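# got a predicted structure here, sequence first:
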Amino acid sequence: MKLLVTGGSGFIGSNFIRHVLTTHPDDRVVNLDKLTYAGNPANLADLERDPRYTFVQGDVCDGKIVRDACRGVDAIVNFAAESHVDRSLMEPDAFLKTDVFGVFTLLEAVRELKIARLLHISTDEVYGSVERGSSRESDPVRPSNPYSASKAGGDLLALAYWHTHRVPVVITRSSNNFGPYQYPEKVIPLFVTNALDDQPLPLYGDGRNVRDWLYVLDNCAGIDLVLRKGADGEVYNIGGGHEVENVVLTRQILQLTGRPETLIRPVKDRPGHDRRYSVDSKKVHQLGWTPRHRFGDALRATVEWYKGHEAWWRPLKSGEFRAYYERQYGL
Ligand code: NAD
Ligand code: DAU
């Protein structure tokens, strides 16, 4: 297959491209990425000279750039998004543009050029907070922050294009990912790198919000399976099956980095902070997917990766990030 991967220079996209070229050596990948603050060419530096890999810098909201990038492509996998909830509370504009209008631009290209498949990457956040039980794909979306509302908008548009025009879309909604190459604004890489620098770990509210953690390579395997075996017009949840309170996760990170619990700094809660996410992943299990990595081992490997890749994350924590950090935390 020749794939167009959008947003391939970010966290999950870069892991996915490496996964595809490793497990399907005859595939080719075009990566279309705008290189926002979260897009980093260093994430794929090892593939720069690989003849199977091509990089195009551009915006998924630009119809001409998208159509040009689609030349000869069998399928598109859309990771391009503004992805950080806290930033969506400060500056939501880019979220609406990329996470809704970007999806629209891709749908139009798929429709016009008759591309065989668009796999749109979405999130468990579209279901909103789930106090009890787990969300199923047939549940209504009830997003509660500008990020998740924009993602839900993209999902609904994609499903509407399937319903009205039979544009061949399929959607995955995964739980919280962690692993190598995650931008250090997200809780795991932020807390790991802060701990390594003996800096405070800003824990929101009472620290008892629950997230379901999924190792990024397990998500990549699930996405790849849905891409090749999923059915048009369907949504597939991909959950890690490891739900944990933030405070417990924070203590585990401190233990793995050998730092004291006195580094935990309780801070003001995130406005509208969803208490818990949980998805029912039976449908993707029936396709043949299951997470292969145990949470404890994957978290340890992730901490070791950040310890061994200071040259990757240190530059990211200066400049733009510093200004964001001060505005967000006042620390
Ligand atoms: P990320 O922020 O690390 O990467 C996003 C990438 O998209 C970056 O490379 C960025 O440059 C690119 N991009 C942004 N706007 C663009 C535009 N207009 N045109 C082209 N490229 C653009 O995000 P991530 O964590 O890798 O998430 C990838 C996808 O997975 C997103 O759609 C996100 O909603 C979804 N998701 C993420 C998680 C998670 O835990 N990280 C969980 C579920 C779903
Ligand atoms: O659930 C999937 C979603 O997971 C994805 O769709 C998003 O793209 C991704 O960013 C992630 O969203 P979260 O808001 O859950 O991730 P984040 O890492 O920002 O926060 C995880 C939890 O940790 C959440 O309950 C808030 C808390 N937190 C986060 C930060 C950054 C803190 O307590 N302190 C922090 O400084």
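Sure, I can see it. Ligands and ions are numbered 1, 2, ... in the order given.
# pretty sure residue 8 contacts residue 35?
No: in this structure, residue 8 sits apart from residue 35 without contact. The criterion is CB atoms under 8 Å, and the distance is 10.6 Å. (Each C-beta comes from the backbone N, C-alpha and C, glycine too.)
# neighbour count winner among the two?
residue 8 (30 against 14; other CB atoms under 10 Å).
# report pLDDT for the more buried one.
The pLDDT attached to residue 8 in the predicted structure is 99.
# so who does it touch?
14, 16, 17, 29, 31, 32, 33, 44, 79 (CB atoms under 8 Å, 6 or more residues apart in numbering).
# closest to residue 254 among these?
When those are compared for distance to residue 254 (CB to CB), residue 14 wins out at 27.6 Å.
# can you report how many residues lie near the closest one?
Residue 14 has 30 neighbours, counted by other CB under 10 Å.
# could you do the one 4 residues further on as well?
Residue crowding around residue 18 was assessed by other CB under 10 Å; the count is 21.
# only the buried residues of stretch 58-70, if you could.
58, 59, 60, 61, 65, 66, 69, 70 (16 or more other CB atoms under 10 Å).
# can I get that stretch as CSV, trimmed to CA atoms?
Listed in CSV are the C-alpha atoms of stretch 58-70, where the atom choice follows Å, rounded to 0.1, in the frame of the first residue of the first chain:
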residue,chain,number,x,y,z
GLY,A,58,1.7,21.5,4.6
ASP,A,59,-1.7,22.2,6.3
VAL,A,60,-4.5,19.6,6.1
CYS,A,61,-6.9,22.6,5.8
ASP,A,62,-5.4,23.4,2.4
GLY,A,63,-7.4,21.5,-0.3
LYS,A,64,-4.8,21.9,-3.0
ILE,A,65,-1.9,20.7,-0.8
VAL,A,66,-4.0,17.7,0.3
ARG,A,67,-5.1,16.7,-3.2
ASP,A,68,-1.4,16.9,-4.4
ALA,A,69,-0.2,14.8,-1.5
CYS,A,70,-3.0,12.2,-2.4
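# the helices in the stretch 51-200 of the chain, which residues?
Assignment of helices within the stretch 51-200 of the chain using DSSP state H, counting those that start in this stretch yields the ranges 63-69, 85-90, 93-96, 102-113, 146-165, 187-196.
# those into a markdown table, with extra columns for mean pLDDT and distance to ligand 2?
Output for the helices of the stretch 51-200 of the chain, formatted as a markdown table (pLDDT from 0 to 100; distance: least, CB to the nearest ligand atom, whole Å):
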| stretch | mean pLDDT | distance to ligand 2 |
| --- | --- | --- |
| helix 63-69 | 98 | 22 |
| helix 85-90 | 98 | 4 |
| helix 93-96 | 98 | 11 |
| helix 102-113 | 98 | 15 |
| helix 146-165 | 98 | 7 |
| helix 187-196 | 98 | 4 |
